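Engineer: what follows is a predicted structure for the sequence shown.
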Amino acid sequence: MHHTIDVKELHYRYPDGTPALRGVSLYIAPGQKVALVGPNGSGKSTLILHLNGILRGEGEVCVCGKPIRDENVPAIRAQVGLVFQDPDDQLFSHRVFEDVAFGPVHLGMEESEVRRRVGQALAAVGMEGFEDRVPHHLSMGEKRRVAIATVLAMDPEILVLDEPTAGLDPRGRRELISLLQHLPQTMLVATHDMRMVAELFPRTIVIDEGQIVADGPTAELFGNEQLLAAHGLEI
């Protein structure tokens with residue numbers, strides 16, 4: 001089974017011609033939990049958006065053994081749960097239930113299976129009983145959990161999260177870290193939250209100016225003050 005992310009020599013330019021990714025190569029094995037760190041504008045979000053075909057650059061991107069091509073994108077999007085930085089980009093229904101049910105309904109699942117998946121996904125993020133709430137009225141931390149539930153309802157192999165702790169208060173942040181700790185999926189998380197990285201991710205990839213400048217055990221990278229300072233990262 002290839003529940004992995006495999007990127008080879010990925011190049012991407014913004015529409016105005018500015019290079020965003022310059023020859024990025026990385027491999028994430030099944031079950032690995034990996035942090036992607038780098039300064040603002042380093043290419044983190046751009047890279048993440050290639051992992052389920054929202055952006056297409058030059059080079060090779062294979063996810064769960066499938067190259068990203070038009071005919072593979074629906075299957076890949078079911079297997080790669082992408083959680084955006086702003087939950088409001090992901091939540092658009094009047095009830096939490098409908099947001100979490102959207103993916104399974106879209107895949108044409110039976111009503112009983114949809115209900116089962118919604119229940120399971122909300123339980124996984126500690127949001128049982130919120131089915132009838134209005135997403136718009138939830139706290140940032142609750143919205144982020146519901147956004148994660150919307151992708152968990154698809155039963156993905158891989159979770160890709162963009163800045164999951166951004167905008168959370170200390171308690172919301174703590175709860176989210178604890179949630180991520182217990183999820184079994186292969187995980188790639190782009191973040192500025194270096195304390196979370198130290199706590200959660202055995203491996204860290206450092207990206208700067210669209211290139212991978214370091215990739216290795218988190219403890220080792222965090223011990224290299226010169227490397228961190230050179231790329232504007234603070235512990």
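Structural biologist: That came through fine. The shown structure was predicted, so the numbers you read here are calculated from the model rather than taken from an experiment. Numbers count the residues shown, from 1 in each chain.

Engineer: by mean pLDDT, flag the weakest helix or strand of the protein.
Structural biologist: helix 73-79 (a mean of 88; mean pLDDT, DSSP states H and E).

Engineer: note down every partner strand of the helix or strand that it is followed by and its orientation.
Structural biologist: Note on helix 73-79: by DSSP states H and E, the next helix or strand toward the C-terminus is strand 80-83. Under the criterion DSSP bridges, strand 80-83 sits next to strand 158-162 (parallel) in its sheet.

Engineer: name the helices or strands packed onto the helix or strand following the strand it pairs with?
Structural biologist: Downstream of strand 158-162, the first helix or strand assigned by DSSP H and E is helix 170-182. The contact analysis (3 or more CB pairs under 8 Å, 6 or more residues apart in numbering; DSSP states H and E) places helix 170-182 against helix 140-152, helix 194-200. Quick note: C-beta positions are derived from backbone N, CA and C, even for glycine.

Engineer: relative to helix 170-182, how tilted is the first one?
Structural biologist: So the one you mean is helix 140-152. 20 degrees (axes from the mean of the first three to the mean of the last three CA atoms, to 10 degrees).

Engineer: just how off-centre is helix 140-152 within its chain?
Structural biologist: 12 Å (CA atoms, centre = their mean, to the nearest Å).

Engineer: could you do the last one as well?
Structural biologist: In terms of CA atoms, centre = their mean, the centre of helix 194-200 is set 15 Å apart from its chain centre.
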